[in-house]
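3D, please:
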Amino acid sequence: MTSILRAGLAAALYASLIHPACAQWEGSIGPSVRNVTHTETAPGGRRLVKEDGWLPGVALQAGYRSGKLTWFAGADWYHGNIDYQGQTQNGAAASSRTATGLAAGRIGAAYALPADYAVQAAIEVDRWKRDIRGTAAAAGLQESYRSTRLVAGAAKTWQPAAGKVSVDAAAVLAAPERLHVGFSGVLDPVAFDTRRSYGVRLGAALRPAAAPWLEVRGRYDWLKTPRSGDAGVTANGQYAGTVAQPEHERKGFTLTVAAVF
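Model prediction:
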């Protein structure tokens, strides 16, 4: 896949250099909010964990258009506390809160097609941090995930009198997450890789004709990661068993109101 990406980037760069007359920069920044849902499932299909809630944040992006090619980059950050519903090791229900941080950065390119269609692809780096508060029955967990994704799909734009409207859809393929887990001192910290993930991303945006400097964007994400392999854990350096990350799904709906410049 690396060689294909390099060839595509080289071709895109060449295309951008032969259309200098119509080059144009554009950027945007604004507040954003994301509704997140995270579930973990046992091999038999029984739900082990569900987290959900709203996270405030900020999103920014920039684009450089030259002819039919547009290079783009973006980043977003979210942080807050969400509800946690899970189970202790003996199966008892446990309710708590999870301090959650999400951050992502991406860079990619889009190529314009006839009838206001476009194909686009991006490489995205995602960072996800979870600090699950301990309860009287169970110690807390501190988890940090890092993954790299390929996001590829298509977009369509309309220009009605009310303003510019666009929609997009993409497939998401992610390399195995690198997961770091802390056990509140009960066990030694451990780090291991999970499995490859797959999912979809759907988006829509409106730029009103009455306020062309304003853009309202919505996005839905769904990503599923199969159960990881077992990783050994220790307590004070002595073997204490194994741990695995269950099959998990991440869903999110994001709403952003951005100023365009």
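
List the neighbouring strands of the strand or helix carrying Thr39 plus their orientation.
Following DSSP states H and E, the helix or strand that holds Thr39 is strand 24-41. Using DSSP bridges, the strands paired with strand 24-41 are strand 47-66 (antiparallel), strand 247-260 (antiparallel).

between the ones you listed, which one is nearest to Arg201?
Proximity to Arg201, assessed across those by C-beta to C-beta, is greatest for strand 247-260 (9.6 Å). In short, each C-beta sits where N, CA and C put it, glycine included.

Please state the offset of the closest one from the chain centre?
Average the C-alpha atoms of strand 247-260, do the same for its chain, and the two points are 8 Å apart (C-alpha atoms, centre = their mean, to the nearest Å).

pLDDT-wise, which helix or strand of the protein ranks last?
helix 2-17 (a mean of 45; mean pLDDT, DSSP states H and E).

In this protein, which residue is most central in space?
Nearest to the centroid of the C-alpha atoms of the chain, with distances taken as C-alpha atoms, centre = their mean, sits Asp126, at 5.7 Å.

Neighbours of the residue lying closest to Tyr64 once chain neighbours are set aside, how many?
Excluding its sequence neighbours, the residue lying closest to Tyr64 (C-beta to C-beta, 6 or more residues apart in numbering) is Trp71, at 4.7 Å. The local packing count at Trp71 equals 17, with neighbours defined by other C-beta atoms under 10 Å.

Trp71 reaches Gln120, doesn't it?
No - counting by C-beta atoms under 8 Å, Trp71 does not reach Gln120; the two are 10.6 Å apart.

Show me the common contact partners of the two, please.
Counting by C-beta atoms under 8 Å, 6 or more residues apart in numbering, the residues touching both Trp71 and Gln120 are 108-109.

contacting residues around Leu141?
For Leu141, the contact set (C-beta under 8 Å, 6+ apart) comprises 130-132, 181-184.

Are any of these buried, and if so which?
130-132, 181-183 (16 or more other C-beta atoms under 10 Å).

can I get those residues in a markdown table with pLDDT?
Below are the buried ones among the contacts of Leu141 laid out as a markdown table (pLDDT from 0 to 100):
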| residue | pLDDT |
| --- | --- |
| Arg130 | 97 |
| Asp131 | 97 |
| Ile132 | 95 |
| Val181 | 97 |
| Gly182 | 97 |
| Phe183 | 95 |
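
just curious, which of the residues you listed is nearest to Ala161?
When the buried ones among the contacts of Leu141 are compared for distance to Ala161 (C-beta to C-beta), Arg130 comes out closest, at 45.9 Å.

what is that closest one paired to in the beta sheet?
Judged by DSSP bridges, the bridge partners of Arg130 are Thr100, Glu143.

Go ahead and confirm it touches Thr98.
Yes - at 5.4 Å, Arg130 counts as touching Thr98 under the criterion of C-beta under 8 Å.

part of a strand, is the residue nearest to Tyr64?
Yes - counting by DSSP: H, G, I helix; E, B strand; the rest coil, Trp71 is located in a strand.

Return the distance of it relative to Lys164.
20 Å (C-beta to C-beta, to the nearest Å).

returning to that earlier point: distance to Ile82 for the strands paired with strand 24-41 - can I get that in TSV?
Supplementary listing: these in TSV, determined by distance: least, C-beta to C-beta, whole Å:
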stretch	distance to Ile82
strand 47-66	3
strand 247-260	11
